[in-house]
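J.: Quick one, what's the 3D model for this:
(chains A, B, C and D)
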Number of protein chains: 4
Amino acid sequence: MNYPPSIQKLIDLFSKFPTVGPKTAARFVFYLLKSDKKEIDELIYSLSNLKTNIKSCFFCFKSFELTASSKNNGFCKICSDASRDKSQLCIIEKETDLLAIEKIKKYRGRYFILDGIVKKQGGKETRIKELKKRIKNNPEIKEIIIATNSTTEGEATALYLERELKFFNKKITRLARGLPMGGELEYADNETLKNALEGRK
Amino acid sequence: MNYPPSIQKLIDLFSKFPTVGPKTAARFVFYLLKSDKKEIDELIYSLSNLKTNIKSCFFCFKSFELTASSKNNGFCKICSDASRDKSQLCIIEKETDLLAIEKIKKYRGRYFILDGIVKKQGGKETRIKELKKRIKNNPEIKEIIIATNSTTEGEATALYLERELKFFNKKITRLARGLPMGGELEYADNETLKNALEGRK
Amino acid sequence: MNYPPSIQKLIDLFSKFPTVGPKTAARFVFYLLKSDKKEIDELIYSLSNLKTNIKSCFFCFKSFELTASSKNNGFCKICSDASRDKSQLCIIEKETDLLAIEKIKKYRGRYFILDGIVKKQGGKETRIKELKKRIKNNPEIKEIIIATNSTTEGEATALYLERELKFFNKKITRLARGLPMGGELEYADNETLKNALEGRK
Amino acid sequence: MNYPPSIQKLIDLFSKFPTVGPKTAARFVFYLLKSDKKEIDELIYSLSNLKTNIKSCFFCFKSFELTASSKNNGFCKICSDASRDKSQLCIIEKETDLLAIEKIKKYRGRYFILDGIVKKQGGKETRIKELKKRIKNNPEIKEIIIATNSTTEGEATALYLERELKFFNKKITRLARGLPMGGELEYADNETLKNALEGRK
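T.: Sure thing, here's the model as predicted:
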């Protein structure tokens, strides 16, 4: 039993979405088939506008809405905010990580979205060149905070950044690694426990 | 920290999709922001065609592609298939349930998609009226198989159908309820065990 | 870092308990080390009495307490209960399955604990011989209910029993297999769906 | 359906074991009922010897086996080990935490098992008095590492210890809290992210 081609095509497209498999994609399509035409039209309209209305910040690459006020500017709200501390630059892997850090309301500096991680097989498609340019052109930056994930890829990316950025003679820091909130020694993996012991203070 | 309006709007629309929460919806939008324009255009094109190309079967309401061959017909492949056994009618809640039963390749009759369940608060927006018409107009139907889910709503729907359809004097059966494959008595809930015992044969 | 021998020995013994791994076993021992001597003594006392006080029912092999009243009898409460229906015999794999069926309060016949499943490699260490003797010596038995698990081993055991017991010319039934309570067609495995369809009534 | 008293009594005793509920406790008892008498006797023997053979270290309270060589000593292997660094004292909540730290082979100092956490309702039944005595009587201790869990109770215990021990004028450190191995910013809770940011270095 196959799906009709018009349904299968949409299933294929939705299956490319992160976390979506063919079964979930099929549920999406049947949801749409049962929706009002108005709802699908809204979705189509929003999709059409996405790339036109949303721009990347000239400095940090965060996405922001193109409005009358932002038009001549090219910078996102954070980078345009005069009250943010320009001496700190926090490097994150992707935009959702930026939002995660903003949510805790403890960081007042600027960001730089690396857009990806350093792959093992050489292919470094991250914005490392742009990052170096930002650091060179903004001597007010005093501390570079490498806030990559604590995954294998994130660690590799952090080590690569440390090596590449040390020539700027800035203070380079990394997010603390150790016991997460609620973590118990008995159930912590060896690596976490090692980090917790070595990073004690 | 809020998302730009054009992003937020899409997050809201994707959040209505089944199984999708705001966090996953956000990941969808950032995925699209990073995709080629071509990919978004394909999505828009497929969405635009969906309602035009896909029709509901006149008999069972299954969705099917409108093609040159199917145009003058109005029936889905299953209902058009002369080799299917017209004496059996299997009532399912939704189209994905039909596909689940087709997959096991043991059923050769026709289906009827009820499109929903009987709600507790009266509101019965299912296709019960159409179902009765099908049974009345197709005297070749000998057995009506009620194949609703074994959930509280599915059970209520099945009981309602049994009551509503008994006047047709057809054989009415229901899917067996009991131990699922791999099920152990020790861990089965009381209701399942009761069904397994009472349905023994 | 190894545990002291007296601790390690207990860890090894507890690790043989069902569901217990070495880590949990270690927690058990440290729990005991911190307990009062009185608690450990109680445990030792109860363990010493277990095999002396608990006997297997002469008929069904269910365990029961040896008391003044049960001493001359040799039968468990269920088998001694004159109000139970002696025409039904329910065969279960193990004692906890018997308790699961008793809990739903729908079965009023007697049981027979097979104590194990039929292994693939021939070795059938179940009480099949005793079972046959019970059926032979109790002509009042009219229905034999095979209530093995719906696992691969349980299915094999059921098939084996059906073959071995058919010569007694009794009604042989099996627990219904199909959708469990709460089961949805969309997420059911093929085997369960097949059983549900074929077992419909 | 109740269990026979001798079985129920054992179920009750096993149900007090950590992580064990009545259902698992019942499985333990049925496991024992089916075991050889020899196996139960071994268990009884090991339980009887546990408290006699295992002693607490005079210094750190770690449990150790009473042997001919350790008899006149009273200290565990770690505390007896001349090569361990006597300038470091690591305070852990319980013995299994000590084993967790030993396993990573990065710590060469001594331990002190606090045996519990500081309860919210005043009742501090930990070995705080003994801990103070150890610090007072061992002036070679230079660094006190508080290695409590990163749970609410562990945090409260750590804060209490910091307050109580500051008068000794020793270096007091705590295990690093932050992203665990494999941790992603997007999924980290706010508290963990705050700790990771504030503890950066």
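J.: you'd agree residue A:146 is up against residue A:173?
T.: Yes. Applying Cβ atoms under 8 Å as the test, residue A:146 and residue A:173 come out as touching, 7.1 Å apart. Yep, even glycine has a C-beta here, placed from its N, CA and C like the rest.
J.: Show me which of the two is the more surrounded one.
T.: Just comparing residue A:146 and residue A:173: by other Cβ atoms under 10 Å in any protein chain shown the higher neighbour count belongs to residue A:146, 22 against 17.
J.: And the average pLDDT for stretch A:10-19 is what?
T.: In this model, stretch A:10-19 has an average pLDDT of 96.
J.: Now look at it and say if it contacts chain B.
T.: Yes. Judged by Cβ under 8 Å from any Cβ of the partner chain, stretch A:10-19 comes into contact with chain B through A:10, A:13, A:16, A:17, A:18, A:19.
J.: Now restrict these to buried residues only.
T.: Using 16 or more other Cβ atoms under 10 Å in any protein chain shown as the burial test, the residues of stretch A:10-19 next to chain B include A:10, A:13, A:17 as buried.
J.: Am I right that the first one is in contact with residue B:48?
T.: Translated: residue A:10. No. The pair residue A:10 / residue B:48 is not scored as a contact, 10.8 Å apart, by Cβ under 8 Å.
J.: helices or strands up against the helix or strand containing residue A:11?
T.: Taking DSSP states H and E as the criterion, residue A:11 maps to helix A:5-15. Packing partners of helix A:5-15 (3 or more Cβ pairs under 8 Å, 6 or more residues apart in numbering or on different chains; DSSP states H and E): helix A:22-34, helix B:37-53, strand B:63-65.
J.: ranking those by burial, who's on top?
T.: strand B:63-65 (a mean of 21; mean count of other Cβ atoms under 10 Å in any protein chain shown).
J.: ok, that strand: who's next to it in the sheet?
T.: strand B:54-56 (antiparallel) (DSSP bridges).
J.: what's near enough to touch residue A:157?
T.: A:93, A:114, A:117, A:118, A:126, A:148 (Cβ atoms under 8 Å, 6 or more residues apart in numbering or on different chains).
J.: what about residue A:158, which SS state?
T.: Classification of residue A:158 using DSSP: H, G, I helix; E, B strand; the rest coil returns helix.
J.: Next, the contact list for residue A:25, please.
T.: A:10, A:11, A:12, A:13, A:14, A:15, A:17.
J.: can you rerun that using 10 Å?
T.: Applying Cβ atoms under 10 Å, 6 or more residues apart in numbering or on different chains, one finds that residue A:25 lies in contact with A:7, A:8, A:10, A:11, A:12, A:13, A:14, A:15, A:16, A:17, B:17.
J.: Disregarding residues adjacent in the polypeptide, which is nearest to it?
T.: Nearest-residue entry for residue A:25: residue A:14, 3.7 Å, with adjacent residues in sequence omitted and distances by Cβ to Cβ, 6 or more residues apart in numbering or on different chains.
J.: Repeat that for residue A:114.
T.: Closest to residue A:114 by Cβ to Cβ, 6+ apart is residue A:126, at 4.8 Å.
J.: Now for residue A:83, how many residues are close by?
T.: Neighbour count for residue A:83, taken as other Cβ under 10 Å: 5.
J.: How about it: what's its closest non-neighbour residue?
T.: Among residues not flanking residue A:83 along the chain, residue A:108 sits closest, at 7.7 Å (Cβ to Cβ, 6+ apart).
J.: List the contacts of the one you found.
T.: By Cβ under 10 Å, 6+ apart, residue A:108 lies in contact with A:78, A:81, A:83, A:84, A:85, A:86, A:87, A:88.
J.: Quick check: buried residues in the helix holding residue A:11?
T.: Buried-residue list, helix A:5-15, by 16+ other Cβ under 10 Å: A:6, A:7, A:8, A:9, A:10, A:11, A:13, A:14.
J.: picking that back up, I'd like the contacts of residue A:157 as TSV, with distance to residue D:54 and secondary structure appended.
T.: Listed next are those as TSV, based on distance: Cβ to Cβ, whole Å; DSSP: H, G, I helix; E, B strand; the rest coil:
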residue	distance to residue D:54	secondary structure
A:93	50	coil
A:114	54	coil
A:117	50	coil
A:118	51	coil
A:126	56	coil
A:148	46	coil
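J.: most surrounded residue in those?
T.: Within the contacts of residue A:157, residue A:148 tops the neighbour count with 26 neighbours, counted by other Cβ under 10 Å.
J.: Check the gap between it and residue A:89 for me.
T.: Per Cβ to Cβ, to the nearest Å, residue A:148 is found 14 Å from residue A:89.
J.: ok, residue A:14 to residue B:2 distance?
T.: In this view, residue A:14 and residue B:2 are 26 Å apart by Cβ to Cβ.
J.: can you check residue A:93 too?
T.: Distance of residue A:93 to residue B:2, computed by Cβ to Cβ: 21 Å.
J.: on that earlier part again, next, format the helices and strands packed on helix A:5-15 as JSON lines and append mean pLDDT.
T.: JSON lines is the format used below for the helices and strands packed on helix A:5-15 (pLDDT from 0 to 100):
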{"stretch": "helix A:22-34", "mean pLDDT": "92"}
{"stretch": "helix B:37-53", "mean pLDDT": "94"}
{"stretch": "strand B:63-65", "mean pLDDT": "91"}
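J.: Dump those to a markdown table, plus distance to residue D:31.
T.: Supplementary listing: the helices and strands packed on helix A:5-15 in a markdown table, determined by distance: least, Cβ to Cβ, whole Å:
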| stretch | distance to residue D:31 |
| --- | --- |
| helix A:22-34 | 40 |
| helix B:37-53 | 57 |
| strand B:63-65 | 54 |
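J.: so which of those comes closest to residue D:193?
T.: helix A:22-34 (28.8 Å; Cβ to Cβ).
J.: angle of the closest one against helix B:5-15?
T.: When axes from the mean of the first three to the mean of the last three Cα atoms, to 10 degrees is applied, the directions of helix A:22-34 and helix B:5-15 differ by 100 degrees.
J.: circling back to that earlier point, wait, doesn't the residue nearest to residue A:114 sit right on residue A:160?
T.: Yes. If you go by Cβ atoms under 10 Å, residue A:126 and residue A:160 touch, sitting 8.8 Å apart.
J.: which residues do the two both contact?
T.: With Cβ under 10 Å, 6+ apart as the test, residue A:126 and residue A:160 both reach A:117, A:118.
J.: Could you pull up the contacting residues of the most centrally placed residue in chain A?
T.: In chain A, the centroid-proximal residue (Cα atoms, centre = their mean) is residue A:94; its distance is 1.1 Å. With contacts defined as Cβ under 10 Å, 6+ apart, residue A:94 is in contact with A:61, A:100, A:113-117, A:149, B:27, B:30, B:34, D:185-186.
J.: Can you add distance to residue A:178 and give those residues back as TSV?
T.: Supplementary listing: these in TSV, determined by distance: Cβ to Cβ, whole Å:
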residue	distance to residue A:178
A:61	30
A:100	18
A:113	25
A:114	23
A:115	27
A:116	26
A:117	22
A:149	15
B:27	27
B:30	29
B:34	32
D:185	15
D:186	19
